[in-house]
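Enquirer: how would this look folded up:
(one chain, ligands or ions: 1)
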Amino acid sequence: GFSRARRIQDIEVSEIIRIVADANALRRQGRDVILLAAGEPDFPTPDNVKLAAIDAILSNQTRYTALDGTPALKAAIQEKFRRENGLSFALNEISVGPGAKQVLYNVLMATLDQGDEVVLTTPCWTSYLDMIRIAGGVPVTCPCAEDSAFLLTPEKLEAAITPRTRWLLLNSPANPTGAVYDGGALEALADVLRRHPHVGVICDDIYEHLVYDDARFVTMASVCPDLRDRTVTINGVSKSYSMTGWRIGFAGAPQPIIAAMAVVQSQSSSNPCSISQAAAAQALSGPQGVLAERRAVFCNRRSIVVDALNAMQGIHCLLPKGAFYAFASCQGLLDLPQVRAKGITTDSALCHYFLHAHEVAIVPGSCFALPGFFRISYAASDHDLKTAMARLATAVSQLV
Ligand code: PLP
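Expert: Residues are numbered from 1 along each chain as shown. A predicted model of the protein is given here:
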């Protein structure tokens, strides 16, 4: 019979995809499920971006493009890095691929040898762990709990580094916690990296534009220019410009790394979609007002969700500084004898109960390597969020 390649034998399609499928199956049975599981903005792609794509089609920009990005898109990315991050990259220090996810995959495939280690924090986006494994690497996780605001400390980083460490992988603002590193926190990590010249840094900055209150987005290559030669800065248009379906992500990195990524891309996907590239160039170089507008909406939704969660017995949630997720502890609830007596002893069981009995789909913390929590995506309408929070409050009150 069929057996999978050893490379992917222990890897499954992401659990989040399964939860979304469950929720959709309930919807097809006519149940009014509110889906707060997905990691994508609910807004449409801005009109100027859509029009640029239509123009690209009508002007026959429908053929293969340069392998890792059209000159026009690379120029727009170059300008974005300069304008927003104070980073200067030559065009051949930029790589464009079909989504930030694929770009990260290209980096890992291009740089990891069997057994090479990648240090990262948990909780984390689980794709990181599986991508590292598929590329033959070994994820080395540093648990970073609530008491450290989910941030990596220099001590933990120092302890995790071995002669096999190839990369530190940072994600700020973070999925699923919304944690954001400030310049001082990055400087402190950089001090450790300076003592270990064999370790590079990959920064996944995909949530760059989603930071709230006094939080400011910063990235390692800007804060510590002396590390630029071993830093890969990944970003994309999916979350910022509500373009998840268009599949465009990019990286700025030293030329030899970009060249190695081109090898992987040339023998797999080849160039990203020509039309999406034209759209992304418009997103990055057209009017930017949409960023602040949508950020303000997200900021308000964050309060709706976090305030409601903190009013529920047995649940508490730190105010996330960025992204569009609330990551709440439900351990207090799971520890109650009357809750355990109902058979709800894990975050997964709790989320299953929320979905099946109260029609709200959210993701258990175990999907992000931190059981005892759950993640709510507040990339949904205010009305849906308020309804969902009322349902969860009822769900909790019926358990306790
Ligand atoms: N990085 C993180 C941390 C994410 O949460 C996601 C999407 O969920 C991505 C990258 C993927 O972005 P893209 O749509 O550009 O592949």
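
Enquirer: from this structure, which residue is nearest to the ligand?
Expert: Using Cβ to the nearest ligand atom, the single residue of the chain nearest to the ligand is Gly99, 2.8 Å away. Bear in mind the C-beta positions are built from the backbone N, C-alpha and C, glycine included.

Enquirer: interface residues of the chain facing the ligand?
Expert: 39, 99-101, 125, 171, 175, 204, 206, 236, 238, 244, 249 (Cβ under 6 Å from any ligand atom).

Enquirer: okay, the residues you listed in a markdown table with pLDDT and neighbour count next?
Expert: Formatted as a markdown table, these follow (pLDDT from 0 to 100; neighbours: other Cβ atoms under 10 Å):
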| residue | pLDDT | neighbour count |
| --- | --- | --- |
| Gly39 | 89 | 20 |
| Gly99 | 98 | 23 |
| Ala100 | 98 | 22 |
| Lys101 | 97 | 20 |
| Trp125 | 94 | 24 |
| Asn171 | 98 | 24 |
| Asn175 | 97 | 26 |
| Asp204 | 98 | 29 |
| Ile206 | 98 | 27 |
| Gly236 | 98 | 30 |
| Ser238 | 98 | 23 |
| Thr244 | 97 | 17 |
| Gly249 | 98 | 24 |
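
Enquirer: Inside helices: which ones of the residues you listed?
Expert: Residues from the residues of the chain next to the ligand lying in helices, with DSSP state H as the criterion: 100-101.

Enquirer: mind listing which of the residues of the chain next to the ligand are in strands?
Expert: Members of those lying in strands (criterion: DSSP state E): 171, 204, 236, 249.

Enquirer: and the nearest residue to Ser88 once chain neighbours are set aside, how many neighbours does it have?
Expert: Spatial nearest neighbour of Ser88, excluding adjacent residues (Cβ to Cβ, 6 or more residues apart in numbering): Arg82 at 5.9 Å. Each residue near Arg82 was counted by other Cβ atoms under 10 Å, and the total is 12.

Enquirer: my guess is Arg82 meets Ala76, correct?
Expert: No. Using Cβ atoms under 8 Å, Arg82 is not in contact with Ala76; the gap is 10.8 Å.

Enquirer: Break down the stretch 251-400 of the chain into its helices, ranges please.
Expert: Assigned by DSSP state H, counting those that start in this stretch, the stretch 251-400 of the chain shows helices spanning 255-266, 274-285, 289-310, 331-334, 337-341, 347-358, 382-399.

Enquirer: where in the stretch 151-300 of the chain is pLDDT low?
Expert: Residues of the stretch 151-300 of the chain that meet the criterion pLDDT under 70 are absent altogether.

Enquirer: for the stretch 1-150 of the chain, that is, sorry about that
Expert: For the stretch 1-150 of the chain, no range has pLDDT under 70.

Enquirer: And the helices in it?
Expert: With DSSP H, counting those that start in this stretch, the ranges of helices along the stretch 1-150 of the chain come out as 15-28, 47-58, 71-85, 100-111, 126-134.

Enquirer: returning to what we had before: hmm, the residue of the chain closest to the ligand is touching Gly245, no?
Expert: No. The pair Gly99 / Gly245 is not scored as a contact, 9.9 Å apart, by Cβ under 8 Å.

Enquirer: Can you tell me which of the residues of the chain next to the ligand lies closest to Gly136?
Expert: Lys101 (18.0 Å; Cβ to Cβ).
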